[in-house]
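1. Show me the folded form of this:
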Amino acid sequence: MECAIELVDLALTPSNRDYSILVAERDGQLIGYICYGPTPMTEGTFDLYWIASAPEVRGQGVGAALVSGMEGDLRRHRARVIRVETSATEAYGPTRGFYAAMKYGEEARFRDFYKVGDDLIILSKRL
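-> Numbers count the residues shown, from 1 in each chain. Model (predicted):
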């Protein structure tokens, strides 16, 4: 959670050029956000750093709307590829299912990355 707050803080600084934030609101309340930015030393490649939605709105399309909004923004910026990193643990199964539904495919797996038995999975989508 600290990492997510740090990225939002950086995205909101006036000199920021590395991170973009899209938010979802309902009745004036923040219900989700997505943070993304260009991958350093690449051409047209972007990282999706963080996506979150309030527990009470999960399964209601908020995450899909945020990803669609990000993808639209990145298409306008002539992005080629979006990259996402996630965990292979069972707890992240719904997360991986969400990305699969959004047409992100596994590109690589780094075994025992986070800890023994917890692989890093790199997903991507070409725009």
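
2. Tell me the spatial nearest neighbour of residue 71, not counting adjacent residues.
-> Sequence neighbours aside, residue 127 is the residue nearest to residue 71 in space, at 6.5 Å (criterion: CB to CB, 6 or more residues apart in numbering). C-betas here are computed from N, CA, C, even on glycine.

3. mind listing what the one you found touches?
-> 71, 74-75, 79-82 (CB atoms under 8 Å, 6 or more residues apart in numbering).

4. Any chance of a markdown table for the residues you listed, columns secondary structure and neighbour count?
-> Below are these laid out as a markdown table (DSSP: H, G, I helix; E, B strand; the rest coil; neighbours: other CB atoms under 10 Å):
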| residue | secondary structure | neighbour count |
| --- | --- | --- |
| 71 | helix | 19 |
| 74 | helix | 22 |
| 75 | helix | 10 |
| 79 | coil | 21 |
| 80 | coil | 12 |
| 81 | strand | 17 |
| 82 | strand | 22 |
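
5. and which of those residues is nearest residue 102?
-> Distance to residue 102, by CB to CB, is smallest for residue 71 among those, at 8.6 Å.

6. and the gap between the closest one and residue 118?
-> 28 Å (CB to CB, to the nearest Å).

7. Also residue 106?
-> Residue 106 is 16 Å from residue 118, by CB to CB.

8. follow-up on the earlier one: and which of the contacts of residue 127 is nearest to residue 62?
-> Looking across these and measuring by CB to CB, the closest to residue 62 is residue 71, at 15.1 Å.

9. Which stretches in the chain count as strands?
-> Listed in chain order, the strands of the chain (DSSP state E) span 20-26, 29-38, 45-53, 81-87, 105-115, 118-126.

10. deepest of those strands, which one?
-> Ranked by average neighbour count under the criterion mean count of other CB atoms under 10 Å, the strands of the chain are headed by strand 45-53 at a mean of 21.

11. so what secondary structure elements neighbour that strand?
-> In this structure, strand 45-53 makes packing contacts with helix 2-11, strand 29-38, helix 62-76, strand 81-87, judged by 3 or more CB pairs under 8 Å, 6 or more residues apart in numbering; DSSP states H and E.

12. doesn't residue 89 make contact with residue 121?
-> No: in this structure, residue 121 is not within contact of residue 89 by CB atoms under 8 Å, at 10.0 Å.
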